[in-house]
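**Student:** From the sequence below, what's the structure:
(one chain, ligands or ions: 1)
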Amino acid sequence: MSCLYAGYYVAELLRDLTDTGDPHPELFDVADQTLIALQGAHDLFCVVLRFEMTALRLLGHAPALRGCAACGESIELSGRVPFGQMAGGLLCPRCRPGQRQVVSLTADAVRVLQQFATGSLESWQEVAVDAKIRGELRGLMNQYLCNLLDHRPRMHQYLGLLGHAPE
Ligand SMILES: [Zn+2]
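**Tutor:** Residues are numbered from 1 along each chain as shown. The predicted structure is shown next:
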């Protein structure tokens with residue numbers, strides 16, 4: 001995974017997530033910062049995940065990571081937690097049955113994702129993410145975006161490599 005492919009991916013998401021003529025100045029600022037960060041010595045996994053989560057938040061598509069996506073009840077983070085791809089986030093035990101495309105996330109992966117979901121521009125740079133969680137979150141985000149966009153972004157084939165620890 002090179003920063004060039006990550007840059008293509010940012011451009012692809014911007015194009016696919018927004019409608020032509022619909023200005024999102026905040027999102028374009030974030031894209032700009034992301035492209036600059038990609039050229040620096042930053043961790044590509046973190047830069048890409050931060051862009052994805054920020055874009056989703058700004059466009060109103062953020063996954064529910066604190067409460068149940070179906071009923072809003074707060075979710076206890078221990079062991080593994082169900083995440084409904086179609087429901088759009090974590091699911092409580094009551095809402096879990098009958099949901100489609102449910103994956104099971106480790107509580108640690110959810111905690112990492114929560115940090116990337118906040119609006120703070122700085123905190124994401126200090127997040128240490130181990131290789132297992134990288135793989136888990138890339139799989140989750142790739143599927144989440146495929147569902148949202150109704151197609152697989154072309155650059156996802158290269159993002160698989162972000163699942164590995166930085167060299
Ligand atoms: Zn629920």
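**Student:** Any idea how far the lowest-mean-pLDDT helix or strand in the chain is from the middle of the chain?
**Tutor:** None of the helices or strands of the chain scores lower by mean pLDDT, DSSP states H and E than helix 156-159, at a mean of 79. Counting by CA atoms, centre = their mean, to the nearest Å, helix 156-159 is centred 14 Å from the centre of its parent chain.
**Student:** Counting by contacts, list what that helix packs against.
**Tutor:** Contact analysis of helix 156-159 by 3 or more CB pairs under 8 Å, 6 or more residues apart in numbering; DSSP states H and E lists helix 3-17, helix 131-149 as its packing neighbours. (Glycine included, C-beta is placed from N, CA and C.)
**Student:** Mind checking what secondary structure the residue nearest to residue 13 when sequence neighbours are not counted has?
**Tutor:** In space, and not counting its chain neighbours, residue 13 is closest to residue 55: 6.1 Å by CB to CB, 6 or more residues apart in numbering. Reducing the assignment at residue 55 to three states with DSSP: H, G, I helix; E, B strand; the rest coil gives helix.
**Student:** pretty sure residue 55 is touching residue 16, no?
**Tutor:** No. If you go by CB atoms under 8 Å, residue 55 and residue 16 don't touch, sitting 10.3 Å apart.
**Student:** Compare these two and say which one has the larger neighbour count.
**Tutor:** Using other CB atoms under 10 Å as the criterion, residue 55 and residue 16 rank with residue 55 on top: 23 against 14.
**Student:** Return the residues in contact with that one.
**Tutor:** By CB atoms under 8 Å, 6 or more residues apart in numbering, the residues touching residue 55 are 13, 14, 17, 27, 30, 31.
**Student:** Looking at those, point me to the pair that's furthest apart.
**Tutor:** 17 and 30 (11.8 Å; CB to CB).
**Student:** returning to what we had before: and the contacts of residue 55, which of them are buried?
**Tutor:** 13, 14, 17, 27, 30, 31 (16 or more other CB atoms under 10 Å).
**Student:** Adding distance to residue 76 and pLDDT, write these out as TSV.
**Tutor:** What follows is these, written out as TSV (distance: CB to CB, whole Å; pLDDT from 0 to 100):
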residue	distance to residue 76	pLDDT
13	32	93
14	36	92
17	32	91
27	33	93
30	32	92
31	35	93
